[in-house]
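Visitor: Turn this into a model:
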Amino acid sequence: MSHCQIVPPHLLEKLAASDEEEIARAAQRTLATSLRHVGQRAVREAQVTSEGSHGAVGLIPTELRERAEAHGDYELPANAVHPQEAPTGSFAPQRTIYDAGHGTDLPGTKRRGEGDPATSDGSVNEAYDGLGETFALYADVYDRNSLDGKGLPLVASVHYDVNFDNAYWDGEQMVFGDGDGVYFTSFTDSVDVIGHELTHGFTQYTAGFTYVGQSGALNESVSDCFGSMVKQRVNHQTAAEADWLIGAGLFTSKVHGVALRSMKAPGTAYDDPHLGKDPQPATMAGYQDLPHDQQHDNGGVHINSGIPNHAFYLAATGIGGDSWDGAGRIWYDVMTNGNLAKDVDFKGFAEATIKSAGAIFGAGGTEEQAVQQAWVTVQVLTG
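Guide: Okay, the predicted model is just below:
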């Protein structure tokens with residue numbers, strides 16, 4: 001069962017063993033909170049699974065749709081839409097931000113509702129804006145009405161617990177800590193962190209990847225992919241211009257590192273005497289085949305996610321332009337078309353993205369070639 005928190009357990013375990021008593025205590029509390037929410041999230045995800053996926057939308061370009069309708073050479077999904085079309089619904093987010101007051105009772109005291117003016121609390125405003133930017137990516141680009149496709153209200157609680165070194169999706173809402181102030185700053189500061197965690201909700205309502213082994217690493221990777229796209233869209237950056245860092249700005253100046261993860265160069269995000277070195281592999285040559293238990297992060301889901309992360313980066317930059325219009329459309333289609341097993345491995349996911357790229361952009365095109373080459377480069381597929 002998942003932690004689904006932005007800071008991986010291996011980092012928190014380093015801090016939990018720190019000689020600095022207050023830092024160690026904060027990390028231990030953060031880890032303990034992860035375990036406490038395990039059962040709660042299991043129940044919520046089981047409820048979603050029993051209800052089925054919601055709001056799946058296949059994305060087929062106009063010219064391919066017209067060709068298919070004329071010649072019958074491609075079987076269109078019943079729910080396919082034109083990606084070039086404006087959203088068919090008047091989708092608008094329904095956001096509510098609460099203040100946990102450094103306690104652990106959720107959601108806390110309401111501080112800002114949808115349409116309310118900004119408050120004097122920066123964390124409240126950052127959470128509100130980040131939820132909105134994530135909602136906008138799914139609505140404006142993929143014609144999806146919130147995480148579940150049915151207008152799910154977006155709820156967040158800030159100032160959770162004392163010196164809490166994490167942010168997480170608990171199956172129903174977002175929760176943000178303020179960090180310990182020594183190694184981590186506030187977790188509402190990074191919009192890609194917000195996009196990452198909310199995307200765990202999107203995955204929960206779509207492909208529902210089992211949070212263990214390679215499917216668990218894909219679960220984490222998809223969150224990084226969409227979190228990065230949220231940030232790139234906010235910053236008006238193409239795939240070539242983006243930094244492809246996840247959680248840049250979360251570390252204080254005390255840490256020798258730039259972010260939690262790098263999709264462009266997995267394994268290079270940090271190298272710190274207190275936190276250790278970024279363990280993410282960029283290719284299957286560095287894959288860590290770990291036990292599928294809590295102690296080993298369910299088979300290293302936060303570690304091995306570097307491999308599909310790197311594939312997405314390579315595909316997005318290989319296709320060029322805005323990542324959400326290229327690789328993003330392909331990954332979104334794969335997540336929502338209902339063709340993947342919940343325990344799919346890297347190879348199965350890779351093959352699905354290649355098939356989707358051909359279906360969306362045309363078989364044998366530059367997009368399909370870029371996606372295939374990306375998976376070959378990271379050694380998931382052979383040439």
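Visitor: Quick one: the helices in this structure, in order.
Guide: With helices called from DSSP state H, the chain shows them at 9-16, 21-36, 38-51, 62-71, 122-136, 142, 191-205, 213-234, 297-304, 306-319, 327-336, 346-361, 366-377.
Visitor: which residues touch the closest residue to Gly179 other than its chain neighbours?
Guide: Excluding the flanking residues, the one nearest Gly179 by CB to CB, 6 or more residues apart in numbering is Thr185, at 4.9 Å. The C-beta positions use only the backbone N, C-alpha and C, and glycine is treated the same way. Thr185 makes contacts with 179, 249-252, as judged by CB atoms under 8 Å, 6 or more residues apart in numbering.
Visitor: For Lys347, which non-adjacent residue is closest in space?
Guide: In space, Lys347 is closest to Val380, 5.9 Å off (CB to CB, 6+ apart).
Visitor: Next, give phi and psi for the one you found.
Guide: phi -80, psi -40 (degrees, to the nearest 10).
Visitor: tell me, how many neighbours does it end up with?
Guide: 23 (other CB atoms under 10 Å).
Visitor: measure it to Ile307 for me?
Guide: Computed as CB to CB, to the nearest Å, the Val380 to Ile307 distance reads 7 Å.
Visitor: Over to Ser221?
Guide: Relative to Ile307, and taking CB to CB, Ser221 is found at 8 Å.
Visitor: ok, now Gly364?
Guide: From Gly364 over to Ile307 (counting by CB to CB), the distance is 25 Å.
Visitor: returning to that earlier point: possible to save the helices of the chain as CSV with mean pLDDT, mean neighbour count and distance to Ala92?
Guide: Output for those, formatted as CSV (pLDDT from 0 to 100; neighbours: other CB atoms under 10 Å; distance: least, CB to CB, whole Å):
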stretch, mean pLDDT, mean neighbour count, distance to Ala92
helix 9-16, 91, 20, 37
helix 21-36, 85, 18, 32
helix 38-51, 53, 14, 23
helix 62-71, 41, 13, 26
helix 122-136, 98, 22, 8
helix 142, 97, 24, 16
helix 191-205, 97, 27, 16
helix 213-234, 98, 27, 17
helix 297-304, 94, 26, 33
helix 306-319, 98, 27, 28
helix 327-336, 98, 27, 20
helix 346-361, 98, 21, 27
helix 366-377, 98, 21, 31
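Visitor: Which of the ones you listed sits closest to His256?
Guide: Of all these, it is helix 9-16 that lies closest to His256, at 13.0 Å by CB to CB.
Visitor: so how far is that closest one off the chain centroid?
Guide: In terms of CA atoms, centre = their mean, to the nearest Å, the centre of helix 9-16 is set 21 Å apart from its chain centre.
Visitor: Just name whatever secondary elements it is in contact with.
Guide: Counting contacts by 3 or more CB pairs under 8 Å, 6 or more residues apart in numbering; DSSP states H and E, helix 9-16 packs against helix 21-36, strand 276-277, helix 297-304.
Visitor: quick one: which of these is nearest Gly321?
Guide: Among the helices and strands packed on helix 9-16, helix 297-304 sits nearest to Gly321 (CB to CB), with 28.4 Å.
Visitor: Report the distance from that closest one to the chain centre.
Guide: 15 Å.
Visitor: what is the orientation angle of it with helix 213-234?
Guide: 40 degrees (axes from the mean of the first three to the mean of the last three CA atoms, to 10 degrees).
Visitor: Centre-most residue in the protein?
Guide: In the chain, the centroid-proximal residue (CA atoms, centre = their mean) is Ser223; its distance is 1.2 Å.
Visitor: Let me see the contact set for that one.
Guide: Counting by CB under 8 Å, 6+ apart, Ser223 has contacts 195-197, 199-200, 203.
Visitor: Dump those to TSV, plus distance to Ala136.
Guide: Shown next, in TSV, are the contacts of Ser223 (distance: CB to CB, whole Å):
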residue	distance to Ala136
Gly195	10
His196	16
Glu197	16
Thr199	14
His200	18
Thr203	19
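Visitor: Which pair of those residues spans the longest distance?
Guide: Among these, Gly195 and Thr203 lie farthest apart (CB to CB), at 12.5 Å.
Visitor: for stretch 322-342, how far is the first residue from the last?
Guide: Terminal residues of stretch 322-342 are spaced 29 Å apart (CA to CA, to the nearest Å).
Visitor: so Met335 makes contact with Thr206?
Guide: Yes - with contact defined as CB atoms under 8 Å, Met335 and Thr206 form a contacting pair (4.8 Å).
Visitor: so what's the closest residue to Ile194 other than its chain neighbours up against?
Guide: Spatial nearest neighbour of Ile194, excluding adjacent residues (CB to CB, 6+ apart): Gly130 at 3.3 Å. Going by CB under 8 Å, 6+ apart, Gly130 touches 188, 191, 193-195, 230.
Visitor: count of neighbours near the residue nearest to Ser146 when sequence neighbours are not counted?
Guide: Among residues not flanking Ser146 along the chain, Leu152 sits closest, at 4.2 Å (CB to CB, 6+ apart). Counted with other CB under 10 Å, the neighbours of Leu152 add up to 20.
Visitor: Any figure for the gap between Leu152 and Tyr205?
Guide: Taking CB to CB, one finds Leu152 at 8 Å from Tyr205.
Visitor: quick one: which of the contacts of Ser223 is nearest Ala156?
Guide: Using CB to CB, the contacts of Ser223 come closest to Ala156 at Glu197, 9.4 Å.
Visitor: ok, the residue nearest to Phe184 when sequence neighbours are not counted - contacts?
Guide: Take Phe184 and drop its neighbours on the chain: the residue closest to it by CB to CB, 6+ apart is Asp165, 4.9 Å away. By CB under 8 Å, 6+ apart, the contact list for Asp165 reads 7, 12, 15, 26-27, 30, 177, 179-180, 183-184.
Visitor: one more time with 10 Å
Guide: Asp165 makes contact with 5-7, 11-12, 15-16, 23, 26-27, 29-31, 33, 177-184, 187, 250, according to CB atoms under 10 Å, 6 or more residues apart in numbering.
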